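Novice: This is the structure alone, sequence omitted:
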């Protein structure tokens, strides 16, 4: 420690000032950051409300995440419960209601590090699937935390295949009760979070703030009237009665899938981009020209090519989230009127996009982490916790491959219907227009036309869906059993489903750009990002575009050239583009990503707070000292 | 806990018996597992020695990893130091020498969870770069742990760019000492592991067993004769003298890069494959045919397509490691004779393969983790710790993109030399034979010919290298400065370097298969894996093979068909193929991956050992109880 004391001559903290290397990035913004932020939030008023909520949460020391990276599993859980309880008090104080407009901003401000989230899914299930009587009885109790609920679906032996669940519920008409049992070990409920009765399933990669539990049931009796019975019912004599579509039973899952995309998936990618891009304009390494100052790493093409497509992806998925919300609202209104027609499209879309978005965002966060080198690997960068948490989103609420195959089933069905002239839902009408074509682009600038690239995506999606449908039919006609044939096509079916969702994402991005205001430079920079997102997708999946000659090798070279040309253009606005996400330093909780760009100083100061620096590890006295004094033989 | 007590009727432990679902997989092996294991180890004798070492380590309770997943950062570090000290004792007891043949098996048996590893890099630097006098003085002290060394290269502000390091060493001829200083915060040594003097840099994603430190130097004086001076020297008057190539200074890094491939990168992928594949024949989910039993998840094409290419990759890289070891041994012998001619090829190969292997293996471990769904996300599966550790390998010992660009520089140079008829090192002679061609394959079976696919890889590598060389020249000829031109080509240069290493890997795999004994079914199954590795690479990077028409779309369909056909063939031997890696249960330390396949029982039993189940979290008394009793207002 002596060295630290004497080395103070350059250690005056610079954390009050902004690093000139990041300040200069903001002086040349081609657009109004504040206006883009308002556009992302929906309106100026929404931005104001979000900031007010964030301010109230972040100023409250009870919600501090300052020590998060030094906490053990138990400490994180305890803090999450403390925050969960404190939040109820805070909400009463602030006059925020559970169903109020502030709620979504509270979650964002807390960065999800709070207990009782599953309690909300429990409540949502009651609201959607319960009768009016049930809603009136349970929701007030749950809102006041007089009871805490869970959502115990997954079992040790079954996750995705709900028909295989082994927990039994036998109706006893003599007492008008269901008798619940766990008949074998694989039927044990596993993973339900916030379950406080049975046991903890052990440590996970993240989610220490959630006490994922196991639950065993031994003749547990539940009164008949506790079964949620808006859409189905068991009568006193034990008869099962269904009202409406069977798909409504999956509606809670659909709802959850859509609602998690913004908070759990796109937001972490936005944060990771903010951290990695800010760091990359402050970190200087090696020289672009001999004799010059070392270059900012964001000036290297390879660093741009890692980070800027992730930035474009974050915007693309922010807009696809708007698209899904709209689809959901429409379906929800229909369901309230007992019209279930929109459910298949909603189910297929929520499944496919959940898979696509979680996969791309997870890989995007990992790219951001790795693009920060060794420092990104430090928990203090904030990136490892973003990664280990977002990774779970690929698994929970439906494993991604299974979800893609559900989307594929819908696509094959729609393709068959469209081919025979039957009407299909709006998002798949394009399947009716199958025609072999060539891309008309003549030079690299043509690939900056949304029509050109959107059509390329459309063509590829149709080709993959139709060729897989053909393979499926061929197999069946050659005598392979239907289920085997399906299994033999699943790799290609999943690929087709991804191509469909990718196409819709590009199309939706391009249409969103069309509708943006042309003032304040926003439409222009969003157009660049849309182009980058689309061309990056073609560059990275070149095979599917070249396969049938829709694009020629020469055209692919044009795509590559246009794609690489876009990087330095967007690079100029990279910092303003992440500033527009408007995350506070507290919300990022990153030594690398703070607004002021004082990376090394902050990293060093945070590291000093590590318990390993403030207290001596017993290993020194116990093992190292004797070893170094050559007393090994006495051990 | 009452439920757990009363639910015991199905809770008799089955951990003594083998799950029939995994037992049946072993009855149909097409090859001798024991013989393949010996082949992987090098000989029957090596296998015997490895097992004896593993046995001695695993039976010693001091080395137990039983509680690893429940340990805090400090606990893991303390355990690693304890193990490091105990290991010295153990080695004396067993008669194992530091430079003995057992050493590499010790590390494998400990799964790397031990302190003082950097001490060995410190020793290796002395051995390679030190004079005979220095070696004689320091190595015995270091071997006996009378002193513990580190390797402090990386600074807070500089990692990859060694010329930019800011620590100063000024020679004071009056005292014959170097005076070391840390002139600014970014010059602080950061990350050196096992450094026990200055401070800890804070928590990381993994590597809790290593106390990565920071180190500040304030007029630290080091005697002149302590500078390692086999290849360079500072004379008493301060004159700097170099002996041999400058590249020799990078030799420690080259050595480390090659040595880490097997232990730190390929072994974790082998473990991940073992865990995921064993789990996938025990886990049953959904039905392939209605009315049948639920299917093993490894019977689904999508699961095969996730895991089996990773298995093939593990074998491919095991063999590339042999290739690199041989290259290294040759170079080392040359250097001892002061011949530095092989260094450029060694440096380019170690860089490129370090990047390729770490990238593929990291992504492979992640795929294995995700393929196990929610259970893979539990620390008890063993997969998260494999992932968070292997991820670091993409960053340390040279950031992968930088390494690929070093390989690319060598390739461009070699391409230019080869084009003008000059001699080039053996691994790049293929660059001389540039000819536009088409793939001659006529049907899908043709793609099971190693000549066909190896040539496709070769062609692609040449095309990417030559087209990037052409772009580089065009830019320079059009007036772009050399360094800018290089920067504008780096995305494509990195791609070209990957293509080169991928080609060498396929070629080396095919040649290895050629040399294998034809008995005991080993050559046949290895041929299948080689085919799968090669075709998976073409399938996944279709664009580069289709781009110039070397493969047509119709041929790509044949590749896809052959590739998908291979999956069910290899699937039959999947469990024997991971058994052949010969990891003990203790070494896997996974509730999902044990030899007996008793997944659910073990998972449940391990979860019960979690501290969260054996002690009540204070959060209940402090927050939950008052909340549930509606005493919130009194808080």
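Specialist: That came through fine. Quick caveat: nothing in here was measured; it's all calculated off a predicted structure.
Novice: Point out the residues in the stretch 501-635 of chain A that sit beside chain B.
Specialist: Counting by C-beta under 8 Å from any C-beta of the partner chain, the stretch 501-635 of chain A comes close to chain B at A:541-549, A:553, A:556, A:560, A:564, A:600-601, A:603-604, A:606-613, A:617-620, A:622-624, A:626-628, A:630, A:632, A:635. Using the backbone N, CA and C atoms, a C-beta is placed for each residue, glycine as well.
Novice: hmm, try it at 7 Å
Specialist: The stretch 501-635 of chain A comes close to chain B at residues A:542-543, A:546-549, A:553, A:556, A:564, A:600-601, A:603-604, A:606-608, A:610, A:612-613, A:617-619, A:623-624, A:627-628, A:630, A:632, A:635, as judged by C-beta under 7 Å from any C-beta of the partner chain.
Novice: so who does the most centrally placed residue in chain A touch?
Specialist: For chain A, the residue nearest the mean C-alpha position is residue A:265 (1.3 Å; C-alpha atoms, centre = their mean). Contact analysis of residue A:265 by C-beta atoms under 7 Å, 6 or more residues apart in numbering or on different chains lists A:357, A:358, A:361, A:390, A:393.
Novice: was I right about the first one contacting residue A:261?
Specialist: Yes. Applying C-beta atoms under 7 Å as the test, residue A:357 and residue A:261 come out as touching, 5.4 Å apart.
Novice: Can you pull the poorly scored residue ranges out of the stretch 1-150 of chain A?
Specialist: The model of the stretch 1-150 of chain A has pLDDT under 70 over residues A:1-15, A:116-118.
Novice: Now residue A:275: closest residue in space that isn't a chain neighbour?
Specialist: Of all residues not flanking residue A:275 in the chain, residue A:593 sits nearest, at 3.1 Å (C-beta to C-beta, 6 or more residues apart in numbering or on different chains).
Novice: before we move on, back to that, more neighbours: residue A:357 and residue A:261, which one.
Specialist: Using other C-beta atoms under 10 Å in any protein chain shown as the criterion, residue A:357 and residue A:261 rank with residue A:357 on top: 29 against 24.
Novice: any idea which helix or strand carries that one?
Specialist: Assessed by DSSP states H and E, residue A:357 sits inside helix A:343-371.
Novice: quick one: is that helix near chain B?
Specialist: Yes. Helix A:343-371 comes into contact with chain B (C-beta under 7 Å from any C-beta), by way of residue A:370.
Novice: and that helix, what other elements does it pack with?
Specialist: The contact analysis (3 or more C-beta pairs under 7 Å, 6 or more residues apart in numbering or on different chains; DSSP states H and E) places helix A:343-371 against helix A:251-260, helix A:267-280, helix A:301-336, helix A:383-392, helix A:400-419, helix A:490-515.
Novice: and the angle for it with helix A:301-336?
Specialist: Taking axes from the mean of the first three to the mean of the last three C-alpha atoms, to 10 degrees, one finds helix A:343-371 and helix A:301-336 inclined to each other by 160 degrees.
Novice: okay, and for chain A, where does confidence drop off?
Specialist: In chain A, residues with pLDDT under 70: A:1-15, A:116-118, A:192-194, A:196-198, A:244-247, A:249, A:434, A:436, A:615-617, A:628-635.
Novice: okay, now the domains of it?
Specialist: A:25-115, A:162-247, A:249-579 (automatic domain parsing).
Novice: Mean neighbour count, those domains: which tops it?
Specialist: Mean neighbours per residue, mean count of other C-beta atoms under 10 Å in any protein chain shown, is largest over the domains of chain A for domain A:249-579, with a mean of 21.
Novice: Straight-line length of stretch A:584-598, end to end?
Specialist: Criterion C-alpha to C-alpha, to the nearest Å; first-to-last residue distance in stretch A:584-598 is 15 Å.
Novice: So which bits of that stretch are buried?
Specialist: For stretch A:584-598, a neighbour-count test (16 or more other C-beta atoms under 10 Å in any protein chain shown) marks A:586-598 as buried.
Novice: Just to be sure, which of the residues you listed are found in helices?
Specialist: A:586, A:587, A:588 (DSSP state H).
Novice: Quick check: closest non-adjacent residue to the second one.
Specialist: Using C-beta to C-beta, 6+ apart and skipping the chain neighbours, the partner closest in space to residue A:587 is residue A:111 (6.1 Å).
Novice: any idea how far the one you found lies from chain B?
Specialist: 18 Å (C-beta to the nearest C-beta, to the nearest Å).
Novice: Can you tell me the element residue A:170 falls in?
Specialist: Assigned by DSSP H and E, residue A:170 falls within strand A:168-172.
Novice: and if you look at residue A:233?
Specialist: strand A:232-234.
Novice: which residues touch residue A:100?
Specialist: Counting by C-beta under 7 Å, 6+ apart, residue A:100 has no contacts.
Novice: helix, strand or coil for it?
Specialist: coil (DSSP: H, G, I helix; E, B strand; the rest coil).
Novice: Just the residues contacting stretch A:151-169, thanks.
Specialist: By C-beta under 7 Å, 6+ apart, stretch A:151-169 touches A:118, A:121-122, A:125, A:178, A:180-192, A:195, A:215, A:217, A:398-399, A:402, B:285-286, B:294, B:373-374, B:600, B:603.
Novice: and with 8 Å instead?
Specialist: Contacts to stretch A:151-169, defined as C-beta atoms under 8 Å, 6 or more residues apart in numbering or on different chains, come from residues A:118, A:121-122, A:125, A:178-192, A:195, A:214-215, A:217, A:222, A:252, A:398-399, A:402, B:283-286, B:294, B:373-374, B:600, B:603-604.
Novice: Mind giving me the packing neighbours of the helix or strand hosting residue A:454?
Specialist: Here residue A:454, judged by DSSP H and E, is contained in helix A:450-477. Judged by 3 or more C-beta pairs under 8 Å, 6 or more residues apart in numbering or on different chains; DSSP states H and E, the packing partners of helix A:450-477 are helix A:400-419, helix A:482-488, helix A:490-515, helix A:522-540, helix A:542-546.
Novice: want to throw those helices into CSV with distance to residue B:256?
Specialist: As requested, those are arranged in CSV below (distance: least, C-beta to C-beta, whole Å):
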stretch, distance to residue B:256
helix A:400-419, 37
helix A:482-488, 45
helix A:490-515, 38
helix A:522-540, 32
helix A:542-546, 35
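Novice: could you list every residue that touches residue A:593?
Specialist: A:271, A:274, A:275, A:276, A:278, A:279, A:381, A:382.
Novice: Helices of the stretch 1-150 of chain A, start to end?
Specialist: Counting by DSSP state H, counting those that start in this stretch, one finds helices in the stretch 1-150 of chain A at the ranges A:2-6, A:20-27, A:33-41, A:44-58, A:73-94, A:103-110, A:117-129, A:132-143.
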